[in-house]
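Trainee: Give the three-dimensional model of this entry:
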Amino acid sequence: MTGEPTERTAVSYLRALAGDPPLDVAVQRLAIAAACRGEHLTEVAAFEEPDSTGGRAFLEMVDTLRTTPGMEVIAATAMVFGDRVRDRARRILQLAALHIPLRLADGRAPGDALVAAWAERGPEERRRERAREGMRRRALRGEVLGRAPFGYAVSERQLVPDPREAATVKRVFAMYLEEDEGVRKIAKRLNDEGILTRTGRAWTAGAVRNVLRNAAYTGLYRRLGVTVTRAHAALVTASQHAEVLRRMASRRTAPATQERREYLLSGLVRCGYCGGPMIGARRPGEGAEVVEYSYYRCQSATNEGRCAYHTRRAEALEAAVLVELSRSTGPAPVAVHTREANTHEARRAALDRTLDHMLERRAAGQWTDADLVRRAAPIVLEQLGMEAAAAFESSDPVAPEEARTRLLDEWDDLAFDDRRALLQHAVAEVVVTDDAVRVARQR
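Mentor: Numbers count the residues shown, from 1 in each chain. So this is what the prediction gives:
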């Protein structure tokens, strides 16, 4: 029995494109309308960028679709998502990471459009690729590209053990394998003994874990898809490294895919004892009814073992912040430093480089579309969050005092995202100790 086609809803995304000939918005609307008829789609809204570079309409569209699941996005061509291939890829992968279906009116699959665009990119992009191929040839000869991993130095383009760092690497493996110490305890012991990383920072659980996972310590060199065995002197045996990976896998109790959590004070709250950030976490409650509750904990205590383990229940801490904001006077505002802005720019550049590498692997056939979407999701979602924050800061006229007033008057009625955005305007930092909460306001 043949039924009527299921009617689906979609929103359209449009951006005027220069070129010869140009693809203006009116032509795009015609193509989208025809595609909607052929695919039994009902267009319920349109998001058009106000200028050729744009981006704000895309952010508004994503916000709408996050709160209205089940709708699709339709665009005339992948080119509307960006003039550069990387920009198009970022947008398309952001939609995929958010599980928002995308359809192109020109009939091409989004993944195919990206691969084709990568192959057709301009001379400058191709020059970068040729440089990369030269680097691959150097890697095949065992020549070092980039920085040496901790434990090694570079001599005549080859990795050689650094005596001090190599001793630390061997000790980390011994503590893990022979003394059965966990990564947090190893980090704490190294920090207690004054042993620092190469950059002069304290060890964290993540830094220790990176050492233990790095196959370079077995003499293996991997770079740009090239693998060279016995490329340099090993610091541990292959069997030791394999045993580390086996134990790590057996100790991993968290599921591979976890639900993403957001915390109201993320990025604002820090420990009053060590100055480190406090991060949000969740834990099952106790008693007959197991209820999950949220709290903030000192990151230095968790990852570096450099601070006593201080925690605050999220609900209580957020209420305390509101109380502090209600006081007529408060601590002096904290200025935003240029160094923070520079850090954000460096992070954006690093994310772009990572995305470029992922696109190259997809174009080379090393990954499938599904591989690319899965691996790129954390990267492109972080970029989306950074872009949304920047757009909010640059356009929203809410002054700190106005934000404070709205928080006090509308706290219970505000949506989570609105409450968090107003807190970013009103609060510079929240400093927490066991017996006090200090709120510094924005200028």
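Trainee: surely residue 23 meets residue 29?
Mentor: No: using Cβ atoms under 8 Å as the test, residue 23 is too far from residue 29 to be in contact (11.1 Å). For glycine as for every other residue, the C-beta is placed from the backbone atoms N, C-alpha and C.
Trainee: What score does the most centrally placed residue in the chain have for pLDDT?
Mentor: Closest to where the C-alpha atoms of the chain average out (Cα atoms, centre = their mean) is residue 382, at 3.7 Å. Confidence at residue 382, expressed as pLDDT, is 86.
Trainee: nearest spatial neighbour of residue 320, skipping sequence neighbours?
Mentor: residue 437 (4.2 Å; Cβ to Cβ, 6 or more residues apart in numbering).
Trainee: a strand runs through the one you found, doesn't it?
Mentor: Yes: checked against DSSP: H, G, I helix; E, B strand; the rest coil, residue 437 lies within a strand.
Trainee: check contacts around the closest residue to residue 149 other than its chain neighbours.
Mentor: Here the nearest residue to residue 149 in space, its sequence neighbours aside, is residue 216; by Cβ to Cβ, 6+ apart that works out to 4.9 Å. Applying Cβ atoms under 8 Å, 6 or more residues apart in numbering, we find residue 216 in contact with 149, 151, 152, 159, 222, 232.
Trainee: ok, back up a step: ok, the residue nearest to the centre of the chain - contacts?
Mentor: Contact analysis of residue 382 by Cβ under 8 Å, 6+ apart lists residue 351.
Trainee: and it, that one's in a strand?
Mentor: No: per three-state DSSP, residue 382 lies outside any strand segment and is helix.
Trainee: Separate out the buried members of the contacts of residue 216.
Mentor: For the contacts of residue 216, a burial check counting by 16 or more other Cβ atoms under 10 Å picks out 149, 151, 152, 159, 232.
Trainee: hang on, the earlier thing: please identify which pair of the contacts of residue 216 lies farthest apart.
Mentor: Taking Cβ to Cβ, the two most distant members of those are 151 and 222; they sit 15.4 Å apart.
Trainee: Do a quick rundown of the strands in the stretch 1-150 of the chain.
Mentor: Remark: strands assigned in the stretch 1-150 of the chain by DSSP state E, counting those that start in this stretch are 8-14, 41-48, 72-75, 102-104.
Trainee: Out of those strands, which gets nearest to residue 166?
Mentor: Judged by Cβ to Cβ, the one of the strands of the stretch 1-150 of the chain that comes nearest to residue 166 is strand 102-104, at 49.4 Å.
Trainee: what's the average pLDDT for that closest one?
Mentor: On average, the pLDDT along strand 102-104 is 93.
Trainee: Paired strands for that strand, with orientation please.
Mentor: Sheet pairing of strand 102-104 (DSSP bridges) gives strand 72-75 (parallel).
Trainee: Backbone dihedrals for residue 276, please?
Mentor: phi -80, psi 160 (degrees, to the nearest 10).
Trainee: For it, grab the count of nearby residues.
Mentor: Residue 276 has 18 neighbours, counted by other Cβ atoms under 10 Å.
Trainee: got any ranges where the stretch 301-443 of the chain has weak pLDDT?
Mentor: Per-residue confidence for the stretch 301-443 of the chain (pLDDT under 70) gives these ranges: 301-310, 328-346, 390-398, 443.
Trainee: Do a quick rundown of the strands in it.
Mentor: Using DSSP E, counting those that start in this stretch, the strands of the stretch 301-443 of the chain run over 311-313, 427-433, 436-441.
Trainee: most tightly surrounded among those strands?
Mentor: When you average the neighbours per residue for each of these (mean count of other Cβ atoms under 10 Å), strand 427-433 leads with a mean of 20.
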